[in-house]
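1. one predicted model, sequence on top.
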Amino acid sequence: MKRILKSLVALALLTALPASFTSCREDAPSITHTTRVSVTNDFSAVVEAINNGNLKREEAIKKITEAINSMNASRSEILGKILEVLGSVNNTLDTKLAAIEGAIESQKLLLEDKLQVIAKAIEDHMLNQEEAVKKITQAIDKLGGTLAEKLKQIQEAINSKEKSMQEKINLILATINAQTITLNEKLNALKTLIETETATIKDRLGALDTAMQELLKQVQANGEAQGKILDQIKALASTVNTLYEEVQAGKTATAEALAQILKKLDELIAKINNSKPRIPEAIDLGLSVLWSDTYLGASTPLESGGYYAWGELKTKEIYDWSNYKFARPSDDDPNKYLLTKYCIHESYWGGVGPMDNKKHLDAEDDVAKAKLGGKWRMPTINEVKELCANCTWELKDINDVKCLIGTSKLNGKTITLSFSGYRDGDKVEYLTEALTFWSNEIDARVEYEVNSHSLVCIPSYRETPSDGSGPRYLGLSIRPVLAK
């Protein structure tokens, strides 16, 4: 279970980190010790080792993924080998499940191949429909290549004559749930479903109704759509449901219903394409970078903007290790979590293959860069330290919002940092007591591997900001910087 110290004062006394908010520091994830078996990357040898119980789940998935990626064979031959494992009565359930995970993780297989593996698992009752959607979502997010290449594979699968309607529904739901697919492209996937000629109009309408309800649930949960865009998605979901019921009752022709929906969908896609996030004003404090005048997603310096887990691109309703993008539960203890990306200490590694040894966010995981484009990005921890050291700070209340006003020692210009606390679970903690925002860098000390660096100010402890550190799953504001 998570153990979190809730007293900021107690924390300040317990930690040697200046102004650190490790009051919310989660206990480090477990160091998983497993008996390592010397197995080559030969696919058959790995399958045999799993059957014999010589590999635990985590190591089995890792080894079988490596074996698939090392095969000197065509995609069809690799797929055949995996399907052979799933179909053999001589293989254990653990072996078959590891083969499914290995196929999903593999960079050698396309989405079509992975869908065939999942379809076989459903047919043999290894996965139910809900589990299948989760696996397809995972497969989409794990696909290599560009977004355009991913979308092409999804489009081809939706249009495939060989896929059942249920398989297409599963694929659409997985696309909606995928973190690597934008809202705009999710709507385009729905448009592909409407226009496909490989399913009856009535089936398409029913699938669309299911998909729109899921899309609405997702965008409301993660804050991906707001304002008029969210209202329009709600209206479209309602329209689809109404037309579907009218078609079922024989009051509206199916072709007419789909035509109405397609028109509204096109209008929504166009609206999203034309809507742009506010580009912040860049403040030149005489430092190595320019600082945004607001938090990401805010329209004024007094607003907190969106709260983001470190390295994630969407806001959420709940912030926890259990739904953190780059963590997974340990096989030995499901209440403890291992890291699947941005890890430099082996005892914390839970990903596939060797550790990545990444200390800074890749551009694709930098939410400031993803949303603002250009030279905007999240700050490094050295840039955070530079900001702290080169301004004089004054604590003020502005319109009942607690703020720190920083005045540059170099040119006299000012920056306003409002207190926004942080999100933990489903609550905002210390809204008026803690000022925090993420840097783009992990905390490399082994005892704090699960943490990432941030700026922190806790007035009861210190009325000037300093660099701090906190668990990556927490939701913090983002203060973008612009490279000069």
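-> Received the coordinates, thanks.
2. who's in contact with residue 396?
-> Residue 396 makes contact with 402-405, according to CB atoms under 8 Å, 6 or more residues apart in numbering. Any C-beta I mention is one placed from the backbone N, CA and C, and that applies to glycine too.
3. wait, residue 304 sits on residue 420?
-> Yes. In this structure, residue 304 is within contact of residue 420 by CB atoms under 8 Å, at 3.4 Å.
4. which neighbours do these two share?
-> 295, 477.
5. how about the contacts of residue 396 in a markdown table, adding distance to residue 244?
-> Output for the contacts of residue 396, formatted as a markdown table (distance: CB to CB, whole Å):
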| residue | distance to residue 244 |
| --- | --- |
| 402 | 50 |
| 403 | 50 |
| 404 | 53 |
| 405 | 55 |
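6. which of those lies closest to residue 339?
-> Distances from residue 339 to the contacts of residue 396, taken as CB to CB, are shortest for residue 404 (31.8 Å).
7. packing partners for the helix or strand harbouring the closest one?
-> Residue 404 is part of strand 401-408, with elements assigned from DSSP states H and E. Secondary-structure packing of strand 401-408 (3 or more CB pairs under 8 Å, 6 or more residues apart in numbering; DSSP states H and E): strand 391-398, strand 414-418.
8. low pLDDT regions in the stretch 201-350 of the chain?
-> For the stretch 201-350 of the chain, residues meeting the criterion pLDDT under 70 lie at 222-226, 274-277.
9. picking up where we left off before, sheet-wise, list the partners of the strand holding residue 404 with their directions.
-> Partners of strand 401-408 in the sheet, by DSSP bridges, are strand 391-398 (antiparallel), strand 414-418 (antiparallel).
10. buried set for the longest one?
-> Looking back up the chat, that one is strand 391-398. Buried residues in strand 391-398, counting neighbours by 16 or more other CB atoms under 10 Å, are found at 391, 393.
11. any idea of the mean pLDDT for that strand?
-> Averaging pLDDT along strand 391-398 gives 94.
12. same check, this time on the shortest one
-> Across strand 414-418, pLDDT averages out at 97.
13. check which helices and strands the helix or strand just after that strand sits against.
-> Using DSSP H and E, the next helix or strand after strand 414-418 towards the C-terminus is strand 422-424. In terms of contacts (3+ CB pairs under 8 Å, 6+ apart), strand 422-424 is packed against strand 427-429.
14. just checking: what are the partner strands of the strand it packs on?
-> Counting by DSSP bridges, strand 427-429 is paired with strand 422-424 (antiparallel).
15. which parts of the stretch 101-250 of the chain are helices?
-> Listed in chain order, the helices of the stretch 101-250 of the chain (DSSP state H, counting those that start in this stretch) span 111-123, 129-142, 147-159, 165-177, 183-195, 201-222, 227-248.
16. could you dump those to JSON lines with distance to residue 289 and mean neighbour count?
-> Converted to JSON lines, those look like this (distance: least, CB to CB, whole Å; neighbours: other CB atoms under 10 Å):
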{"stretch": "helix 111-123", "distance to residue 289": "39", "mean neighbour count": "20"}
{"stretch": "helix 129-142", "distance to residue 289": "31", "mean neighbour count": "19"}
{"stretch": "helix 147-159", "distance to residue 289": "28", "mean neighbour count": "17"}
{"stretch": "helix 165-177", "distance to residue 289": "35", "mean neighbour count": "23"}
{"stretch": "helix 183-195", "distance to residue 289": "29", "mean neighbour count": "19"}
{"stretch": "helix 201-222", "distance to residue 289": "29", "mean neighbour count": "19"}
{"stretch": "helix 227-248", "distance to residue 289": "30", "mean neighbour count": "16"}
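17. residue 438: which of those is closest?
-> Taking these one by one with CB to CB, helix 201-222 is closest: 17.6 Å.
18. for that closest one, packing partners?
-> helix 165-177, helix 183-195, helix 227-248, helix 254-274.
19. the last one: which residues count as buried?
-> Judged by neighbour count (16+ other CB under 10 Å), helix 254-274 contains these buried residues: 254, 257-258, 261, 265, 268-269, 272.
20. just checking, what packs against whichever helix or strand comes after it?
-> Going down the chain from helix 254-274, the next helix or strand is strand 282-283, by DSSP H and E. Packing contacts for strand 282-283, counted by 3+ CB pairs under 8 Å, 6+ apart, involve strand 289-292.
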